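1. sequence and predicted structure, then a few things I'm wondering about:
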Amino acid sequence: MQKAIFLDRDGVLINDAGRYYIYKTDDIIINNGVIDALKRLTNMGFLLVVISNQGGVAKQIYTKEDVEKIHSELKRQFKIEGIDIKEYYYCPHHSDVEKCLCRKPEPILIEKALARFNIDPNKSFMIGDNKRDIDAGKKVGLSCIKIKPNQNLLDVLPHINT
């Protein structure tokens, strides 16, 4: 079985200061430490998987295509740095609009990745900037690290054991 790092997107990978919804590629600002931290985590043998709530789709603020464009641009930028995010999973729903089973703190998107990539939850971590990220990870037995929004991702490396 493999080990993985599950990452929230906005506030962890992308700087969301002053913006609740990020749906334009021009708004992508990679947080400090993300590139170096992801390289180091990859070198430690972790798969990288993004798990993100994108409720702006349900609220009709932006579209699934907008989300896919953001993910494509992140893939492009990370590829230049030699970083491979195995998958970007996201929930397009919002509890103000509809009920669903995939919105964090529910763990279904994490469970999909665990099954698809044969990931051992006991050797894996969830990194998020919100309680719902941590709650989702805990429900499937991940070790969880809550950071401050837009915190330097290098700060978490001492807390990750291989």
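-> Arrived safely, thanks for sending.

2. just the buried residues of the longest helix seen in the chain, please?
-> The longest helix of the chain (DSSP state H) is helix 64-80. By neighbour count on 16 or more other CB atoms under 10 Å, the buried set for helix 64-80 is D66, V67, K69, I70, H71, L74, F78. Just so you know, the C-beta spots here come from the backbone N, C-alpha and C atoms, and that holds for glycine as well.

3. what strands flank the following helix or strand past that helix, and is each parallel or antiparallel?
-> Sequence order places strand 85-91 as the next helix or strand after helix 64-80, per DSSP states H and E. In the sheet, strand 85-91 lines up against strand 46-53 (parallel) (DSSP bridges).

4. skipping adjacent residues, who's closest to L38 in space?
-> For L38, ignoring the flanking residues on the chain, the nearest one in space by CB to CB, 6 or more residues apart in numbering is I83 at 4.7 Å.

5. residues touching S95, list them.
-> Applying CB atoms under 8 Å, 6 or more residues apart in numbering to S95 gives the contacts G55, R103.

6. still on that earlier bit, can I get the longest helix of the chain in PDB? Just the C-alpha atoms.
-> Coordinates of each C-alpha in helix 64-80 appear next as PDB, following Å, rounded to 0.1, in the frame of the first residue of the first chain:
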ATOM      1  CA  LYS A  64     -17.100  23.300 -13.200                       C
ATOM      2  CA  GLU A  65     -15.200  24.300 -16.200                       C
ATOM      3  CA  ASP A  66     -13.700  27.200 -14.200                       C
ATOM      4  CA  VAL A  67     -12.600  24.700 -11.500                       C
ATOM      5  CA  GLU A  68     -11.000  22.500 -14.200                       C
ATOM      6  CA  LYS A  69      -9.100  25.500 -15.600                       C
ATOM      7  CA  ILE A  70      -7.700  26.200 -12.100                       C
ATOM      8  CA  HIS A  71      -6.700  22.600 -11.700                       C
ATOM      9  CA  SER A  72      -5.100  22.500 -15.200                       C
ATOM     10  CA  GLU A  73      -3.100  25.600 -14.500                       C
ATOM     11  CA  LEU A  74      -2.000  24.200 -11.100                       C
ATOM     12  CA  LYS A  75      -0.900  21.000 -12.900                       C
ATOM     13  CA  ARG A  76       1.000  23.000 -15.400                       C
ATOM     14  CA  GLN A  77       2.800  25.100 -12.800                       C
ATOM     15  CA  PHE A  78       3.600  22.100 -10.600                       C
ATOM     16  CA  LYS A  79       4.800  20.000 -13.600                       C
ATOM     17  CA  ILE A  80       7.400  22.700 -14.400                       C
END
